[in-house]
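Peer 1: Output the structure for:
(chains A and B)
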There are 2 protein chains.
Amino acid sequence: MTITITAFECSPDGGKGLARDTRVRWALEEAGVPYQVRLVSFHAMKEPAHLALHPFGQIPTYEEGDLVLFETGAIVFHIAEQHAGLLPVAGDARARAVMWMFAALNTVEPPILELANATVLERDRPWSQERLPLVRDRVRDRLCQLAARLGDAEWLDGTFSAADLLMVSVLLRLRSSGLLDEFANLAAYVARGEARPAYQRAFAAQLAINAPKPLGG
Amino acid sequence: MTITITAFECSPDGGKGLARDTRVRWALEEAGVPYQVRLVSFHAMKEPAHLALHPFGQIPTYEEGDLVLFETGAIVFHIAEQHAGLLPVAGDARARAVMWMFAALNTVEPPILELANATVLERDRPWSQERLPLVRDRVRDRLCQLAARLGDAEWLDGTFSAADLLMVSVLLRLRSSGLLDEFANLAAYVARGEARPAYQRAFAAQLAINAPKPLGG
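Peer 2: Down below sits the predicted model:
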């Protein structure tokens, strides 16, 4: 059955791979599943046709026959359930992989989203410079705990899983902040994720759409 | 097999049911599964013994034989997978329920966490009063989208599921802000969740530990 996802017509990050469609592309590439992409403009994202697919007016969405999903974590989980290679088949190892999926999105990502709000949405507010160290410290606290748990392990819990896919994707948002470089094992962990051929293909696919266009012509 | 969860020895909310163990208690009550509770002090939460169970030093945790889980969303999902009544058995309806679980925790809860940080952690900062309306508007935007999707439906997608359990729990954090009352259908949705006998039992169980103690004696 044909799978269609949505992505930004023009990603705010200019092709750095931080838009959430990259997470879904990565999962589909790990699973070896072909997919189509429908690009959506910022304007169209808030129109009824797209809101019918995604009530929060964001990307990505996932369509497969009659099934329509939004919410990246759920899309990645669905792909992982349908195809081998992204989740342990059953038992405690599977429950722990799901645990780390939720941890990436509900424990590690929220302070990172808050940092993004502080540096982008509130950049020009009078409190911006004074408040920023506080927000960075909240992220640093989480990274410190995550680094302590990861130690020198290759992945979060045994072999690579959808949990690593999401955690690496969440941590990638920190690259420009410099915070990731304070934790050598986390930086190496992220680099291992980026080195996977499936990630490389996902990254290249979004870059092909979002890379800055040369002027003129 | 005996199930043991952890909870605050003394919850910061004084028994309002907002600590995340209430979410797990609610799921266990919906499933009709007995459980034990081990109370953890703020000090003990940051000690090695608890960090071995929960790398981020929080509650709740979930122990069942050799399986140790942290992260509320994952614990609720595990309970829903093991017992009837919290998730559709299979197919598209199940995928959509999981979608709403992630939506509650990764799309609706992050701005609510940011509001909690703004009103608690940053209450005495010089920017507090000027910044608060901005943060409240971020929450309001999400609620507006959620209210539009819910409409006059009873639950998010057909019958009550773990997704409603998490979404209601997330929205309950807003009660003291007054924001919930701006959306009549969301307020009614939360009230339907609270009216469930399983929620009532979960709430009473945490209140028995956290209710303010009378002075004297």
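Peer 1: which residues touch the lengthiest helix in chain A?
Peer 2: The longest helix of chain A (DSSP state H) is helix A:128-150. Here helix A:128-150 makes contact (C-beta atoms under 8 Å, 6 or more residues apart in numbering or on different chains) with A:107-108, A:111-112, A:114-115, A:118-119, A:122, A:156, A:167, A:174, A:177, A:179-180, A:182-183, A:185-186, A:189, B:51, B:55-57, B:117, B:122, B:125-127. Where you see a C-beta, it was placed from the backbone N, CA and C, and this is true even at glycine.
Peer 1: buried ones in that helix?
Peer 2: Of all the residues in helix A:128-150, those buried under the rule 16 or more other C-beta atoms under 10 Å in any protein chain shown are A:131-132, A:135-136, A:138-140, A:142-143, A:145-147, A:149-150.
Peer 1: Let me have the residues you listed in TSV, extended by pLDDT.
Peer 2: Rendered in TSV, the data for those read as follows (pLDDT from 0 to 100):
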residue	pLDDT
A:131	95
A:132	95
A:135	95
A:136	97
A:138	96
A:139	97
A:140	98
A:142	97
A:143	98
A:145	97
A:146	98
A:147	98
A:149	97
A:150	98
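Peer 1: Between those, which sits nearest chain B?
Peer 2: Nearest to chain B among these: residue A:149, at 3.7 Å, using C-beta to the nearest C-beta.
Peer 1: And chain A, what are its domain boundaries?
Peer 2: Domain assignment for chain A, taken from automatic domain parsing, gives A:3-85+A:199-210, A:91-196.
Peer 1: first to last residue in the longest one, what's the distance?
Peer 2: By C-alpha to C-alpha, to the nearest Å, the extent of domain A:91-196 from end to end equals 26 Å.
Peer 1: what ranges do the helices span in chain A?
Peer 2: Using DSSP H, helices in chain A cover A:21-31, A:42-45, A:48-53, A:72-82, A:91-102, A:109-116, A:128-150, A:162-172, A:184-195, A:197-210.
Peer 1: ok now the last one, how far from the chain's centre?
Peer 2: Just to be clear, that refers to helix A:197-210. Helix A:197-210 sits 13 Å away from the centroid of its parent chain (C-alpha atoms, centre = their mean, to the nearest Å).
Peer 1: give me the low-pLDDT residue ranges for chain A?
Peer 2: A:214-217 (pLDDT under 70).
Peer 1: Just want the most central residue of it.
Peer 2: By C-alpha atoms, centre = their mean, the mean C-alpha position of chain A lies nearest to residue A:169, the distance being 4.0 Å.
Peer 1: What distance do you get for that one to chain B?
Peer 2: The gap separating residue A:169 from chain B is 12 Å, by C-beta to the nearest C-beta, to the nearest Å.
Peer 1: Could you do residue A:9 as well?
Peer 2: To chain B, residue A:9 is 21 Å away according to C-beta to the nearest C-beta.
Peer 1: again, but for residue A:56
Peer 2: 5 Å.
Peer 1: what does residue A:172 give?
Peer 2: 16 Å.
Peer 1: That residue reaches residue A:190, doesn't it?
Peer 2: Yes - between residue A:172 and residue A:190 there is a contact at 6.1 Å, judged by C-beta atoms under 8 Å.
Peer 1: Name the surrounding residues that touch stretch A:76-84.
Peer 2: A:23-24, A:27-28, A:31-33, A:62, A:69, A:86-87, A:98, A:101, A:161-162, A:165-166, B:95, B:98, B:102.
Peer 1: can we see that at 6 Å?
Peer 2: A:27, A:31, A:86, A:87, A:162, B:95, B:98 (C-beta atoms under 6 Å, 6 or more residues apart in numbering or on different chains).
Peer 1: Looks like the third one contacts residue A:162 (just checking).
Peer 2: Think residue A:86. Yes - in this structure, residue A:86 is within contact of residue A:162 by C-beta atoms under 6 Å, at 4.4 Å.
Peer 1: Neighbours of residue A:162, how many?
Peer 2: 26 (other C-beta atoms under 10 Å in any protein chain shown).
Peer 1: can you pull the contacts of it?
Peer 2: A:76, A:80, A:86, A:87, A:101.
Peer 1: one more time with 10 Å, if that's ok
Peer 2: With contact set as C-beta atoms under 10 Å, 6 or more residues apart in numbering or on different chains, residue A:162 has these partners: A:23, A:26-27, A:30-31, A:73, A:76-77, A:79-81, A:85-87, A:97-98, A:100-101, A:104.
Peer 1: Excluding chain neighbours, give the residue nearest to residue A:177 in space.
Peer 2: With C-beta to C-beta, 6 or more residues apart in numbering or on different chains as the criterion, residue A:177 has its nearest non-adjacent residue at 6.6 Å, and that residue is residue A:115.
Peer 1: my bad, residue A:199
Peer 2: residue A:26 (5.3 Å).
Peer 1: For stretch A:174-192, could you pull out the residues that count as buried?
Peer 2: A:174, A:177, A:179, A:180, A:183, A:186, A:187, A:189, A:190.
Peer 1: Widest-spaced pair of the residues you listed?
Peer 2: Distance extremes for these: the farthest pair is A:177 and A:189 at 16.4 Å, using C-beta to C-beta.
Peer 1: if we can go back for a sec, can you pick out the most distant pair from the contacts of stretch A:76-84?
Peer 2: It's A:31 and B:98 that sit farthest apart of the contacts of stretch A:76-84, by C-beta to C-beta, at 17.1 Å.
Peer 1: The two - which one has more neighbours?
Peer 2: residue B:98 (27 against 18).
Peer 1: Please report how far that one lies from chain A.
Peer 2: Remark: distance between residue B:98 and chain A (C-beta to the nearest C-beta) = 5 Å.
Peer 1: is it true that that residue touches residue B:74?
Peer 2: No - Residue B:98 lies out of contact with residue B:74 (C-beta atoms under 10 Å); the separation is 11.5 Å.
Peer 1: ok now stretch A:124-131, how far from the chain's centre?
Peer 2: That offset, for stretch A:124-131, works out to 27 Å (C-alpha atoms, centre = their mean).
Peer 1: Excluding sequence neighbours, find me the nearest residue to residue A:56.
Peer 2: residue B:145 (5.1 Å).
Peer 1: OK, contacts around residue A:115?
Peer 2: A:132, A:135, A:136, A:138, A:139, A:173, A:174, A:177, A:179.
Peer 1: which one of those residues is nearest residue B:208?
Peer 2: Nearest member of these to residue B:208, counting by C-beta to C-beta, is residue A:138, at 32.4 Å.
Peer 1: re earlier: report the separation between the nearest residue to the residue nearest to the centre of chain A once chain neighbours are set aside and residue A:127.
Peer 2: With C-beta to C-beta, 6+ apart as the criterion, residue A:169 has its nearest non-adjacent residue at 4.7 Å, and that residue is residue A:23. Applying C-beta to C-beta, to the nearest Å, one obtains 32 Å for the distance of residue A:23 from residue A:127.
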